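Peer 1: below are the sequence and a predicted model; questions follow.
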Amino acid sequence: MLLARQTSAVTTADAQIDRRKKAFRRWMPYGLLAIGTALSAATSQLITPTATRQALAAAGVVAAVVLQLLWGDRTERGPSRLSAGYYGVRYALGFGLTLVNPFFAFFAVAGYFDVEELIRGRRRRRAALFACSVPVAGSQTAGIPVDGGMRWIVFAVLLLGNNVMLTLVTHFAEQEEQRSRDRADTILELQQAHEENAALQAQLLVQAREAGIADERRRLAAEIHDTIAQGLTGIIAQLQVVANSSDPAAVKDHVDRATDLARHSLGEARRSVHNLAPVGLSNDGLPVALRKVVEQWAEQTGVRAEFTVTGTAEHLHGEVSATLLRITQEALANVAKHAAATRVGVTLSFMDSEVTLDVRDDGKGFDPLSLPARTRTGGFGLDGMRARAERIAGSLTVEAEPGFGTAVSARVPLVLHA
């Protein structure tokens, strides 16, 4: 889930950058032409005093504007012969305008910014960049044509320096572009891994459901054998004694015992039926169902119990919700049977990639090392809770100490409802 949010944020940022780059490429030639035209007009009497040069400059500006208007947003189509032709015509206009007035080199500078989008091939791009540096170096040398030996030397030095800087900037830009591609590839790989992980989790939940059904059947079989079947056996034994006895007092005593066993067995049968399925989840989400379970348990036992939810509650997969509900019920049952607690706290925490359930009490606690390695049935109890958590790739830990209460903590993956 966190990965999905991060990917969405990256995608939004990339879209914003692409829009800005598109707007820059669309309007950059106009801006550079406007700067060159303004500076040329301000210095026309100093650099181009003749009317002919001024007319050429005006004609060149108009031609450049018309070229840009005709081209429009075609740069989005990528390098092609058409885009290379546009680049060449614009360069010729920029070079011609620079001959009229050096300040029009600003328009020639446009070739530095969109050579990647217009020219195909690294060598051709480098040749285009070198060509753009010629009018720029000429304008820095006070205009083209260059007169005098010293100016030729200055022009050569400036041309070399400009191209060295261009080479460095291009190199760093290519490295940054490569890093961007690597980051994009990494994000794609993470997305694929996230999707594969989601598919594996779904498969795991299906397997967990099947394993849970089998375990529930074994648990019910063991529970019926240990409770209801034994109770019925006891009832039969008491009734047999009644059948063979003529003493009214003995008959009444054995009938009372049989009645008590029948009531106890009925209670065990009702409890087993109640535990067959997490009924609370059929109408409510997990937080609501857990709150009801905690409140009902507190009302039945008279023990103060509080339920808390932290983080942003999510609609969990049914198997995850059922597992956490079952663990809560079993943990509270253990508290009622063994802890002699006066206060219980149940906390459900939603995090980025997992959900945790904590059940803490202030009871008498116990020594975890003194427990048997495993219960006989593997149903209720700590082993049963741990098995439930592990079936959905979770875990369960127990912290206890004699006289200082017990804390049961279950951690399971955050798998949303499909």
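Peer 2: Received it, and whenever you're ready, just let me know what you need. Treat the numbers as computed from the prediction; the structure is a model and nothing was measured. Numbering: from 1, shown residues only.

Peer 1: where does the nearest residue to T98 once chain neighbours are set aside fall, secondary structure wise?
Peer 2: Excluding the flanking residues, the one nearest T98 by Cβ to Cβ, 6 or more residues apart in numbering is P135, at 4.0 Å. In this view, the C-beta of every residue, glycine as well, is placed from N, C-alpha and C. For P135, the host element (DSSP states H and E) is helix 122-140.

Peer 1: run through who's touching that helix.
Peer 2: Contacts of helix 122-140 with the rest of the structure, by Cβ atoms under 8 Å, 6 or more residues apart in numbering, involve 84, 87, 91, 94-95, 98, 102-105, 108-109, 111-112, 115-116, 119, 144, 146, 155, 158-159, 162-163, 166, 170.

Peer 1: from these, list the buried ones, please.
Peer 2: 84, 87, 91, 94-95, 98, 102-105, 108-109, 111-112, 115, 119, 144, 146, 155, 158-159, 162-163, 166, 170 (16 or more other Cβ atoms under 10 Å).

Peer 1: and S395, what are its bridge partners?
Peer 2: R411 (DSSP bridges).

Peer 1: I'd say it and V408 touch.
Peer 2: No. Counting by Cβ atoms under 8 Å, S395 sits too far from V408 to count as a contact (11.6 Å).

Peer 1: what about those two, which has more around it?
Peer 2: Using other Cβ atoms under 10 Å, the more surrounded residue of S395 and V408 is V408, with 25 against 12.

Peer 1: surely that one touches V359?
Peer 2: Yes. With contacts counted by Cβ under 8 Å, V408 reaches V359, the gap being 4.6 Å.

Peer 1: what touches both of these two?
Peer 2: Counting by Cβ under 8 Å, 6+ apart, the contacts common to V408 and V359 are 327, 331.

Peer 1: report the distance from the helix or strand containing D260 to the chain centre.
Peer 2: Element membership for D260 (DSSP H and E) is helix 248-274. Chain-centre distance of helix 248-274: 57 Å, with Cα atoms, centre = their mean, to the nearest Å.

Peer 1: just the buried residues of it, please?
Peer 2: For helix 248-274, by 16+ other Cβ under 10 Å, it's 254, 257-258, 261, 264-265, 268.

Peer 1: cool, and stretch 405-416?
Peer 2: Result for stretch 405-416 [16+ other Cβ under 10 Å]: buried residues 405-415.

Peer 1: now those residues as a markdown table including pLDDT?
Peer 2: Output for the buried residues of stretch 405-416, formatted as a markdown table (pLDDT from 0 to 100):
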| residue | pLDDT |
| --- | --- |
| G405 | 92 |
| T406 | 94 |
| A407 | 94 |
| V408 | 95 |
| S409 | 95 |
| A410 | 95 |
| R411 | 95 |
| V412 | 93 |
| P413 | 91 |
| L414 | 89 |
| V415 | 86 |
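
Peer 1: from those residues, which ones fall inside helices?
Peer 2: Among the buried residues of stretch 405-416, DSSP state H puts none in helices.

Peer 1: before we move on, back to that, and the helix or strand following the helix holding D260, what does it pack against?
Peer 2: Under the assignment DSSP H and E, the closest C-terminal helix or strand after helix 248-274 is helix 286-301. Applying 3 or more Cβ pairs under 8 Å, 6 or more residues apart in numbering; DSSP states H and E, we find helix 286-301 packed against strand 304-310, helix 318-334, strand 343-350.

Peer 1: so what does the strand or helix carrying T186 touch, helix or strand wise?
Peer 2: Assigned by DSSP H and E, T186 belongs to helix 149-223. If you count contacts as 3+ Cβ pairs under 8 Å, 6+ apart, helix 149-223 packs onto helix 2-42, helix 122-140, helix 248-274, helix 318-334, helix 381-391.

Peer 1: rewinding a little: can you redo the buried residues of stretch 405-416 as TSV with distance to P79?
Peer 2: Converted to TSV, those look like this (distance: Cβ to Cβ, whole Å):
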residue	distance to P79
G405	72
T406	70
A407	65
V408	64
S409	59
A410	58
R411	53
V412	52
P413	47
L414	46
V415	46
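
Peer 1: so where's the stretch 1-150 of the chain shaky on pLDDT?
Peer 2: Applying pLDDT under 70 to the stretch 1-150 of the chain flags the ranges 1-14, 44-55, 57, 69, 72-77, 142-148.

Peer 1: can you rerun that using 80?
Peer 2: 1-18, 21-26, 33, 36, 40-78, 100-101, 104, 138-150 (pLDDT under 80).
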